[in-house]
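S.K.: structure for the following, please:
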Amino acid sequence: MKRTQLSTATRLSYDALVRYLEWMRQSGFVQLDDDDVVHLTQEGLQVYDRLVKWILEYVGKLRFPRFAP
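M.R.: Next up is the predicted model:
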């Protein structure tokens, strides 16, 4: 997904999204290709899976589908 579409989908301001993406890129969780498309890295997918498991364990059953790359 491109950054503009991701900003709209997450309801974040574009500037805030860019700051989050830069932190996630530096942490190795996402990559941006030449077409400005954001991709989860393998490490990013593992972190996402751990976060979802933690949320399910400590918050309870949520109503959102698991991300599938």
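S.K.: show the pLDDT at the spatially most central residue of the chain.
M.R.: Residue closest to the average C-alpha location in the chain (CA atoms, centre = their mean): residue 40, at 6.9 Å. Confidence at residue 40, expressed as pLDDT, is 93.
S.K.: kindly report the same for residue 69.
M.R.: You'll see residue 69 listed with a pLDDT of 56.
S.K.: that older thread, settle this for me: the residue nearest to the centre of the chain is touching residue 48, isn't it.
M.R.: Yes: with contact defined as CB atoms under 8 Å, residue 40 reaches residue 48; the gap is 6.8 Å. Heads up, the C-betas are built off the backbone N, CA and C, glycines and all.
S.K.: any regions of this protein where pLDDT drops low?
M.R.: 61-69 (pLDDT under 70).
S.K.: which residue ranges form the strands in it?
M.R.: 30-32, 38-40 (DSSP state E).
S.K.: now the first one: buried residues?
M.R.: Applying a neighbour-count criterion of 16 or more other CB atoms under 10 Å, the buried positions in strand 30-32 are residue 30.
S.K.: can you list the strands that it pairs with?
M.R.: Strand pairing for strand 30-32, determined by DSSP bridges: strand 38-40 (antiparallel).
S.K.: follow-up on the earlier one: reformat the strands of the chain as CSV; add distance to residue 12.
M.R.: Formatted as CSV, the strands of the chain follow (distance: least, CB to CB, whole Å):
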stretch, distance to residue 12
strand 30-32, 14
strand 38-40, 13
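S.K.: so which of those comes closest to residue 17?
M.R.: Between residue 17 and those, the tightest spacing by CB to CB is seen for strand 38-40, at 9.3 Å.
S.K.: hmm, back to that, do you know which of the strands of the chain lies nearest residue 8?
M.R.: strand 38-40 (13.0 Å).
S.K.: for that closest one, which outside residues touch it?
M.R.: With CB atoms under 8 Å, 6 or more residues apart in numbering as the test, strand 38-40 has contacts from 1-3, 6, 21, 29-33, 48, 67, 69.
S.K.: show me what contacts residue 18?
M.R.: Residue 18 neighbours (CB under 8 Å, 6+ apart): residue 3.
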